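**Q** Mind folding the following:
(chains A and B)
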2 protein chains.
Amino acid sequence: MTISNSTRTPPSNCPRGARSQRGRTVTLLSIALALGTALLPVRGAETGSSKPQVEQVAPGIWRLRFGSPERFTPTHFRSAPVDTAGLEAMATSPPMPLDPDRMVFRVSDRGCSLQLPMSPGESIYGFGLHTELFDLTQTKNGQTGRRVFLKPTDSPENELGESHAPAPFYVSSQGYGVFVDTARFASFYTGDVTPVRDAAATGEGGVQTSTSELYRARRQRVKTMLVDVPVARGVDVYVFAGPTMLDAVERYNLFSGGGAVPPLWGLGVQYRGYARFGAADTLALAARIRAEHIPCDVWGVEPGWQTRTYSSSFVWNTNQFPDPDAFLRQMRAMGYRMNFWEHAFTHPTSPMFKALKAWSGNYLVWNGLVPDFATPQARRIFLKQNDAVLFNRQVEAVKLDECDYQPESPTPWSFPPATAFPSGLDGEVMHSLFGLLYQQTMLEPYRKKGLRTWGLVRNSQALASSLPYVLYSDSYDARCYVRGVVNEGFSGLLWTPEVRDAASIEDLYRRLETVVFSPDAVINAWFIKNPPWDQVNREENNRGELMPGREAVTAAVRQVLQLRMRFIPYLYTAFDEYRLSGKPPIRALVLDWPYDRKVRQIDDEFMFGDSVLVAPMFAGQTRRPVYLPPGDWYDFWTHAKIRGGATLEATNGAEQIPLFVKGGTLLPLARPVEYIKPDTCFDVTVNRVGGHPADFTLYEDDGVTAAYAKGAQNQVVLHADGDRHSAVRHGDYRGPERYKITAWKPF
Amino acid sequence: MTISNSTRTPPSNCPRGARSQRGRTVTLLSIALALGTALLPVRGAETGSSKPQVEQVAPGIWRLRFGSPERFTPTHFRSAPVDTAGLEAMATSPPMPLDPDRMVFRVSDRGCSLQLPMSPGESIYGFGLHTELFDLTQTKNGQTGRRVFLKPTDSPENELGESHAPAPFYVSSQGYGVFVDTARFASFYTGDVTPVRDAAATGEGGVQTSTSELYRARRQRVKTMLVDVPVARGVDVYVFAGPTMLDAVERYNLFSGGGAVPPLWGLGVQYRGYARFGAADTLALAARIRAEHIPCDVWGVEPGWQTRTYSSSFVWNTNQFPDPDAFLRQMRAMGYRMNFWEHAFTHPTSPMFKALKAWSGNYLVWNGLVPDFATPQARRIFLKQNDAVLFNRQVEAVKLDECDYQPESPTPWSFPPATAFPSGLDGEVMHSLFGLLYQQTMLEPYRKKGLRTWGLVRNSQALASSLPYVLYSDSYDARCYVRGVVNEGFSGLLWTPEVRDAASIEDLYRRLETVVFSPDAVINAWFIKNPPWDQVNREENNRGELMPGREAVTAAVRQVLQLRMRFIPYLYTAFDEYRLSGKPPIRALVLDWPYDRKVRQIDDEFMFGDSVLVAPMFAGQTRRPVYLPPGDWYDFWTHAKIRGGATLEATNGAEQIPLFVKGGTLLPLARPVEYIKPDTCFDVTVNRVGGHPADFTLYEDDGVTAAYAKGAQNQVVLHADGDRHSAVRHGDYRGPERYKITAWKPF
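**A** Predicted structure coming up:
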């Protein structure tokens, strides 16, 4: 991997006020015209279509405006401006990949819909953070074409397409991307509807005597993508050119403002303690983890810090935490960065309740207010209280819980879609945007201070790539968690398959091996008193019945977490690339090998950076098939060379996750540290993997501030040619060096 | 039971053209005003509410108009006019049961919502034909308050409230009913939302460490019903007074036009043959059923009669049925009435395809057109073809399949909600109304001829009580099927828990025992060649491997079906009562005992007519608890007297369904016939059940035409006083007598 644009000016993470405003004048005439379309019966089945206004907004990106779009959409609430410079710097600038003349747009009372052309063999990816689905044209019974529901949910392991981050963006195996700028609960039909114009006098004969046969999908000669947007009388559709899917994804991420920039410590291990722990218990366990040399950068405090939760008071519980400042001081003295749990629902006993009431939705959640984060007033009131308890204490990060929804639950606990908010948002739009707006709100204190953060959030949506929050879930299916890692890169999202308890020691290892190859290596022990490596079983853990042989387990866990720490320089560089070019640091194989049909359905292997292929194993497996795309590969553990373009059987004798390194690369690996200090300098070994390795550029900066955006950053270019090698540092960052190249080794 | 209004003029089932039209003038100003509400942000959480226009539309019924309602609603497509005379004849006329000042209405871009007051202890029933839910405030984990989704589905056995007939009508244990006149996919929150005004500074302390505890519902001091209607900028809400729930249900049914009137033969047994049968196989089996003296009035022909199905050609398959007229003649010669399967989706090879294309939705289903039954043109074209193949051949009934939807399916086979129809209906509204409009269309030929029919349909909605179609389902859970029977009476619907194959002979008996106490005793053998009593197992049945001992099973089945035939005079009278007073012939106990809290959650017992309580048993049970409300009861089988107000244990030694007869009643039972001929006269034994029996009025007419509506009907009043008794016939019907009272017997 080389960084070809080191002189490019990165986008500043500018405050919300500075984003471009899309003004729109609504006249009485245009209202009447728009409504006329809706009230007059549509005559004839195929009339009523209208052509979009097409405008190129950047090289390789076009906006197609159909009808009169709504005001409150993802672009209206942008988290960052378009990275125009980044887009202009892209190598290719192909023509518009879709033909507007083949699109059919229609408005009705219930919203609008759009037909887009599709090809019969097309695969579709994206639509946010799925953990159950991959190629969104595939169904379990082998049909091609399905409906994808874009609703935020707290139960993402469903076949519907609902997820913690439903994003109206998809990429096609044909090498283009489409973003439909809506915060409505839109549906996409990926090739399973047939417009009347495509009627064919074919059909199969014979009487069927089973419902599965009666109701199966029929073959189609022509394929159509149908986009169903409720409520809206128009919609902006952005088309992203390729020529490859990865190009389209990168354009989308740059259009979103570029990738998020983690603080260096954010890439370390995060441990979240038992929810009932007070200061004393927390400090004791934190000290034990240091004593046992378990790598850990971030300590998460769960709800117990507040006097009231579900809903929340945002007031320290001084029974549990008698002296918050002393507690934080002691944690920091052990080198921990602090992350505090919260959700937004504000209990009547909260000091901000009265002020917030006028700037909240008109329904309560768990007896608590729902702040209208689309208003500056709610943000200000909410932040004032959060400043008082958290941010003025220099808390490094927050976990934003329960900002998702239960769209199909008979007993939803969050606010109804019928909720009215003072900003004018309704509950449906607010549900789509709640996670985004909450992230934006909680990011403000860091931006003001010029600091980075690396938080957790349970809901996001479109244009989120610049937001330094990692998605997580309450669901806990290991295969789905891996699929989340594979999918995150399609839609500019970050995901942690967090580890809690485990069904077995093996399950614990398997889950940890996966989480260390994610954007945030989280161990979330919120419901167990002792770390899971003391006891994987939840009940026994809480009764203090630790596992026999836990010392060996602890040693093995330490090794897995050290593996994460070895990859930090490599991963930090991948994130810099994410920021600058929009290339997701973790991604499905199909993004890197767009022309290899064999990777189209591979949802259990992924690229971690540019040269490492990860193929997680699951508890109960002793072997698994691993497909390696064409080219030379090297087993990370044995260094054996493997010819790609074939499927091999990975075995797991040494209880190690199958990892493969691409030939012709330089792989820098660090000596693992337990946690990252302000002056941490990694001892880096550069592995020459295969012959004629490409250069690798290590990214370097202060690791915590936004000074990089003003140029305080370095590139350390690693170069190897036969036995000769060099590491050349350039750039304007003058702080402590992050990397000391201690060895160059053939792999 | 007495019929107190025998002189009342019943409503004629008038053709659609004659229904009242609700004209509405839309001016540019009103458009602008309506839209203004939507575009301007709502400021403040509790503003924006507006009061309804209240109008009394009949004694005990009020219309509350909120905002500007949509045009295409259930009342717009009424199947019958309001039975004003019936409503005026009701004994009580209490005041408006709900306070409009306590209602909060709100319009937003996405639709409108309405808060209605509720009481903490209130139970809610109705919302259409549920098979999974009963009291709609109850949830599985004991919460009170839930969301009910009103979406038509083909998978009704869900917790969401979606069903084959989602009706926006509910009745409350407080003794009132509410109908929200919408064809949108509305949601009702039955007491589980909290408006901000009800915020309480209470709340429970303590940190929880399980999601079930975190996300459980909280106790509420004040309860609110929230109605969420998408798209609409206003809605008409009809409130039905009690004082009891049954009064409110009767008012709703009379508002719907009164109850459906079956032909006499419609109450007999229906057998539906194997889908692959042609004429020869059908005739052979039909003859065998006669030879074995299995009661059967109606023969159902499944898809095989058409050249193409899924989608359908509406053309006879002359390979299978070489001479349709001869086939029908031969079936009729055996005394069978004919019911033909169809669905509406029209295959390109259908002769009507070309003409229908302009009057269909703009998406195909299984490559077939979806006729827009909201247009007279589509109805005319569709009926012309149906006349040619079916109605001109005097086919007595049809089965209207697949008119439901798959709202939560990732691979829906029906048309998308984004579909546009020439009438101006969108796919969402069409899905809600498709079953109603299809029923109306297919009823026209019968109305023209002045004939009754008794069809089957898989989707219905509100105001359907006058439609002579019985709902059925592909799902097959025995408990859910019984719950459907219990629930049908709340919402003016009819339901058959049809019998197909069975897990065991016992299961077959249990299912048959239930279906004979439903509005249509259907045996649907569409996927088995031989009747289920030959072989309950589907695969063995189709391999021709008949059960050993099938003769004994056949005899037992014959007895169960004869039980149905014994009840026909009694049931026919109950249906006459349904027509005239709106009282559902089959209903939950809570409708008859509104003040007995013990029946509030009883969803597995029901009243069949006014004096018979049915408590079905399920395969695997040898006994079951049966709660009998206060009063004297008599075991139908043993005639033992039982003191009500208590729960007894029903055992099932004789393989008979537990049946209990209310004391103080006359129960007329007929000698079973195999099928009903034009001149059938039932030999009736009148059972005197308990002391001082109330009179019972047998209803009599020609059994097949609409002449009853012009007065050609008789009442035969049965009266007993000690040993004296009388049967007095009065009325203007002069055809063959239907009842010969052959005996009066103490029970």
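**Q** quick one: contacts for the residue nearest to A:L467 when sequence neighbours are not counted?
**A** Nearest-residue entry for A:L467: A:Q439, 4.9 Å, with adjacent residues in sequence omitted and distances by Cβ to Cβ, 6 or more residues apart in numbering or on different chains. (Glycine included, C-beta is placed from N, CA and C.) Contacts for A:Q439 (Cβ atoms under 8 Å, 6 or more residues apart in numbering or on different chains) come out as A:79, A:400, A:455, A:457, A:460, A:464, A:467, A:469.
**Q** cool, A:F188 as well?
**A** A:F188 is in contact with A:127, A:136, A:147-148, A:150, A:161, A:168, A:170, A:225-228, counting by Cβ under 8 Å, 6+ apart.
**Q** Repeat the analysis, applying 7 Å as the threshold.
**A** With contact taken as Cβ atoms under 7 Å, 6 or more residues apart in numbering or on different chains, A:F188 is in contact with A:127, A:148, A:225, A:227.
**Q** for A:Y675, same thing?
**A** A:268, A:295-297, A:335.
**Q** What ranges does the stretch 451-600 of chain A have for its helices?
**A** Along the stretch 451-600 of chain A, the segments classed as helices by DSSP state H, counting those that start in this stretch run A:478-487, A:505-515, A:538-542, A:550-566, A:568-581, A:589-592.
**Q** out of those, nearest to chain B?
**A** With Cβ to the nearest Cβ as the measure, helix A:538-542 is the member of these nearest chain B (8.2 Å).
**Q** Work out the gap between that closest one and the centre of the chain.
**A** How far helix A:538-542 lies from its chain's middle: 31 Å, per Cα atoms, centre = their mean, to the nearest Å.
**Q** Run through who's touching that helix.
**A** Residues from elsewhere that reach helix A:538-542, judged by Cβ under 7 Å, 6+ apart: A:501, A:527-530, A:534-535.
**Q** Put the alpha carbons of the host helix or strand of A:R624 into PDB.
**A** Using DSSP states H and E, A:R624 maps to strand A:623-628. Output of strand A:623-628 as PDB, limited to C-alpha atoms (Å, rounded to 0.1, in the frame of the first residue of the first chain):
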ATOM      1  CA  ARG A 623     -11.400 -26.300  10.200                       C
ATOM      2  CA  ARG A 624     -13.000 -24.000   7.700                       C
ATOM      3  CA  PRO A 625     -12.700 -23.400   4.000                       C
ATOM      4  CA  VAL A 626     -11.000 -20.200   3.100                       C
ATOM      5  CA  TYR A 627     -11.100 -18.800  -0.400                       C
ATOM      6  CA  LEU A 628      -8.000 -16.700  -1.300                       C
END
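**Q** Please name the strands paired to the very next helix or strand once past that strand in the sheet, noting orientation.
**A** Next helix or strand after strand A:623-628 toward the C-terminus (DSSP H and E): strand A:632-635. Strand pairing for strand A:632-635, determined by DSSP bridges: strand A:641-643 (antiparallel), strand A:659-662 (antiparallel).
**Q** picking that back up, how about the contacts of A:F188 in a markdown table, adding secondary structure, neighbour count and pLDDT?
**A** Compiled in a markdown table, the contacts of A:F188 are given as follows (DSSP: H, G, I helix; E, B strand; the rest coil; neighbours: other Cβ atoms under 10 Å in any protein chain shown; pLDDT from 0 to 100):
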| residue | secondary structure | neighbour count | pLDDT |
| --- | --- | --- | --- |
| A:F127 | strand | 28 | 98 |
| A:V148 | strand | 27 | 97 |
| A:M225 | strand | 24 | 97 |
| A:V227 | strand | 26 | 98 |
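**Q** Can you tell me which of the strands paired with strand A:632-635 is packed in deepest?
**A** strand A:659-662 (a mean of 22; mean count of other Cβ atoms under 10 Å in any protein chain shown).
**Q** if we can go back for a sec, reformat the helices of the stretch 451-600 of chain A as TSV; add mean pLDDT and mean neighbour count.
**A** Below are the helices of the stretch 451-600 of chain A laid out as TSV (pLDDT from 0 to 100; neighbours: other Cβ atoms under 10 Å in any protein chain shown):
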stretch	mean pLDDT	mean neighbour count
helix A:478-487	98	24
helix A:505-515	96	23
helix A:538-542	97	17
helix A:550-566	97	18
helix A:568-581	98	24
helix A:589-592	98	23
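**Q** just so I know, which of those lies nearest B:L116?
**A** Proximity to B:L116 (Cβ to Cβ) singles out helix A:478-487 among those, at 40.1 Å.
**Q** which residues does the nearest residue to A:P693 once chain neighbours are set aside form a beta bridge with?
**A** Computed as Cβ to Cβ, 6+ apart, the closest residue to A:P693 that is not its neighbour in sequence is A:L666, at 4.7 Å. Each beta-bridge partner of A:L666 is listed here, defined by DSSP bridges: A:R688.
**Q** Return the nearest residue of the stretch 301-450 of chain A with respect to chain B.
**A** Nearest to chain B, among the residues of the stretch 301-450 of chain A, is A:G424, at 2.9 Å (Cβ to the nearest Cβ).
**Q** Quick one: name the residues of the stretch 351-500 of chain A near chain B.
**A** Residues of the stretch 351-500 of chain A lying near chain B by Cβ under 7 Å from any Cβ of the partner chain: A:357-358, A:360-364, A:366-367, A:408, A:410-413, A:416-418, A:420, A:422-424, A:426, A:428, A:474.
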